[in-house]
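**Q** Just a sequence and a predicted model for now, questions to come.
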Amino acid sequence: MSKSSSTHSSFTIERSFAASPAAVFKAWATPEIKAKWFVGPKDQWKMVERHFDFRVGGREQAKGAFHGGKASEYDAYYWDVVPDKRIVYTYDMHIDRKRISVSLSTVELFGSGDKTLMRYTEQVVFLDGYDDAGSRNVGTAGLFDNLAQIFVKTPAA
C-alpha cells in the first residue's frame with residue numbers, strides 16, 4: 001500500500017503581449033491557435049490526442065507521449081469564462097495513468113491599447129509523494145513563451 005500525501009504550492013506568472021486582450025483571449029479560446037502553443041517540450045514530447053470544448057462547463061483534454069515511453073494526460077474543466085478578461089479552470093495531471101496533481105488556475109487579462117498584461121495564477125496540490133521540484137512553474141512559463149510567439153510579427157517578404 002502506498003503512502004497518501006499532499007504538498008501544496010502556488011505561483012503567479014505575468015507576461016506582456018503586443019496584442020489586444022481580445023487577441024490573447026482568442027489564443028486561449030480557439031482550438032487551432034491553442035494547439036500551436038499549448039504543447040509539450042519540442043523534440044521530447046508528441047501529442048497523441050486532444051479534445052477542446054472552451055466554455056463554462058466545457059472540458060479540455062490533452063494526451064501525449066514523451067520519448068522513452070512516459071505518457072502524460074491533462075484534463076481541464078472550465079468554471080468561469082469572461083471574454084477578453086478572465087478564465088478560471090481546474091485541471092489534473094497524470095503521468096503513466098497515475099494522478100500526480102490537481103490545480104486551480106486563473107488567467108486575467110489587463111489591456112491598454114494594443115498591449116495586454118496576462119496574469120496567470122495556479123494553486124496546485126501534488127499527490128502521494130510526487131516531487132515537482134519546480135518543474136510545473138518552469139513548464140508553464142515555457143508554454144507562455146510559446147504563446148508569446150503567436151503575437152510576434154514577421155516582416156513581409
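**A** Great, that's in hand.
**Q** which other residues reach the helix ranked longest in the chain?
**A** Counting residues, the longest helix found in the chain (DSSP state H) is helix 135-150. With contacts defined as CB atoms under 8 Å, 6 or more residues apart in numbering, helix 135-150 is touched by 9, 11, 13, 15, 17, 19, 24, 27, 33, 36-39, 41, 101, 118, 120, 122, 124. All C-beta atoms are positioned from the backbone trio N, CA, C, and that covers glycine.
**Q** let's see 7 Å
**A** 11, 13, 15, 17, 27, 33, 36-39, 122, 124 (CB atoms under 7 Å, 6 or more residues apart in numbering).
**Q** Same question for stretch 59-73.
**A** Contacts for stretch 59-73 (CB under 7 Å, 6+ apart): 40, 44-54, 74-77, 93-96.
**Q** From those, keep the buried residues only.
**A** Listed as buried from the contacts of stretch 59-73 are 40, 50, 52, 54, 74-76, 93; burial here means 16 or more other CB atoms under 10 Å.
**Q** I'd say K85 and L109 touch.
**A** Yes - counting by CB atoms under 7 Å, K85 sits close enough to L109 to count as a contact (5.8 Å).
**Q** who's more crowded, these two?
**A** Set K85 next to L109 and count neighbours by other CB atoms under 10 Å: L109 wins out with 22 against 14.
**Q** Perfect, that will be all.
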